[in-house]
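Asker: Need the 3D shape of this:
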Amino acid sequence: MIMQKTLNLQLGLPKSEFTVKKILKQGVIKVGDVLLLIEDNNGIVIEYSCPINGINFYPLIKENDRINSGQSIYTYEITIDTNVKSYVDDKIWDLAIATNAVFKGLLGSMGQSGQIASRTVKLKTELNVKNGIERLLDDISNSFQSLDENDGLQDGDVVVVAEKPYAVAQNRLLPIKYIYDRDPKKMIESDRKEYLKEVSLLLDSPMEEEDLILADAYTDDPELGMMCTMGAYNHNLLAHLTAKKIREKTGKSVDVVISDTDTGIDVRKMIIGCITLGATPIGATKGLSLYECMRAACAAEFGRGSKYRIPIIICKPAERCRNRIDMGEHRGYDGKLKYSIEGKIAFD
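Answerer: Here you go, the predicted model:
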């Protein structure tokens, strides 16, 4: 791909004036080639060298012209690798989609949106997190009984559950010193990877670098003292098991998103392989696109919180978005959501 650009004179102070004495080169130019001989107001002749590579360099000026610093002096062309351009375009769109998910999620939390999260229902409940995953799944699926007819669970709803309860239920806990004394969210990547080797030896289930970004303080445990969570294990499977248990207990087919407030932005580390803003969907069932997961996670983020004891948010979709293929099913791969496996964020 060929792109035409303009080369400006970068010499002296703004508005400095020069006289063009001689135009030396045009056509194919390399960095360092002398383009012009120009004379300043003190009569000093200066060789002006090209700062870039390019082709089809053609002067916009002629000899004896008076020119200013910052003035356009040449047009030229550069060749852009179409693969690079496509990659850059994709990343710009990924960022735009993540940004849109935040704003649409905010509107959804206010009851003013559409698609996968037109409004939200806050579910204030105490989940039993100290007796394993099965007990946690029972508590989640039983918690919908307190809702009235208007807010009650319906087929096609999206249930967003905070990530931390799963981590606690899986006993992925360590003493608080592991994030207070050496905070992994304030480490450079190489140090964080070394720290991962140390911390991984302390847990019974596998850990990834992204789990250190999800690490968070946990309430003071009367038996264990102040602890921290180290991210749950196998979020996609947990989301499927949650949806399955909800269907068993309520008869409703829903999709489940497990999300967290962390995005990795502060350490320039993407948790699921693409930029997420406001909140990150860590795991989900198969009925949602990655964008819909992001949108639901953001809608939930504006409504829940550990201080308010709201670990579950129901996203109520627009009616046309209720019937989804593979709703509640396993996503097809274990672990966290992965952009590299999904292949895209939104629909083509």
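Asker: from the chain's centre, how far out does stretch 254-270 sit?
Answerer: Centroid displacement of stretch 254-270 relative to its chain, using C-alpha atoms, centre = their mean, to the nearest Å, is 7 Å.
Asker: and that stretch, how far apart are its ends?
Answerer: Its first and final residues considered, stretch 254-270 spans 27 Å by C-alpha to C-alpha, to the nearest Å.
Asker: cool, and stretch 62-76?
Answerer: 16 Å.
Asker: ok, now stretch 54-67?
Answerer: Counting by C-alpha to C-alpha, you get 22 Å between the two ends of stretch 54-67.
Asker: Which residues does that stretch contact?
Answerer: 5-7, 9, 17-23, 25-29, 35, 38, 50, 71-79 (C-beta atoms under 8 Å, 6 or more residues apart in numbering). Placement of C-beta: from N, CA and C, glycine included.
Asker: and Asp90, that one's in a strand?
Answerer: No - going by DSSP: H, G, I helix; E, B strand; the rest coil, the assignment for Asp90 is helix, not a strand.
Asker: how about the helices of this protein, start to end?
Answerer: Under the criterion DSSP state H, helices of the chain are mapped to 82-109, 132-142, 164-169, 177-180, 189-200, 209-214, 235-250, 290-301, 339-342.
Asker: want to throw those into a markdown table with distance to Thr229 and mean neighbour count?
Answerer: Conversion of those to a markdown table gives the following (distance: least, C-beta to C-beta, whole Å; neighbours: other C-beta atoms under 10 Å):
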| stretch | distance to Thr229 | mean neighbour count |
| --- | --- | --- |
| helix 82-109 | 24 | 16 |
| helix 132-142 | 13 | 18 |
| helix 164-169 | 4 | 24 |
| helix 177-180 | 9 | 16 |
| helix 189-200 | 12 | 13 |
| helix 209-214 | 8 | 22 |
| helix 235-250 | 13 | 21 |
| helix 290-301 | 18 | 29 |
| helix 339-342 | 24 | 14 |
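Asker: Need the pLDDT of the residue sitting furthest away from the middle of the chain.
Answerer: For the chain, the C-alpha farthest from the mean C-alpha position belongs to Gly43; by C-alpha atoms, centre = their mean, that distance is 56.3 Å. If you check Gly43, the pLDDT there is 90.
Asker: now swap in the one 3 residues further on and tell me
Answerer: Ile46 is assigned 91 on the pLDDT scale.
Asker: Name whatever forms a beta bridge with it.
Answerer: Ile38 (DSSP bridges).
Asker: Now do the buried residues in stretch 325-343.
Answerer: Buried residues in stretch 325-343, counted by 16 or more other C-beta atoms under 10 Å: Met327, Gly328, His330, Arg331, Gly335, Lys336, Leu337, Lys338, Tyr339, Glu342.
Asker: Off-centre distance for that stretch?
Answerer: The answer for stretch 325-343 is 17 Å, by C-alpha atoms, centre = their mean.
Asker: didn't Gln71 look like it was pressed against Leu7?
Answerer: No - using C-beta atoms under 8 Å, Gln71 makes no contact with Leu7, being 10.1 Å away.
Asker: And the two? Which one has more around it.
Answerer: More neighbours surround Leu7 than the other of Gln71 and Leu7, with 19 against 16 (other C-beta atoms under 10 Å).
Asker: rewinding a little: how about the helices of the chain in CSV, adding mean pLDDT?
Answerer: What follows is the helices of the chain, written out as CSV (pLDDT from 0 to 100):
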stretch, mean pLDDT
helix 82-109, 78
helix 132-142, 96
helix 164-169, 95
helix 177-180, 91
helix 189-200, 92
helix 209-214, 94
helix 235-250, 96
helix 290-301, 94
helix 339-342, 90
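Asker: just the buried residues of stretch 325-343 now: which is nearest Ser109?
Answerer: Closest approach to Ser109 among the buried residues of stretch 325-343 (C-beta to C-beta): Leu337, at 21.3 Å.
Asker: Lovely, talk soon.
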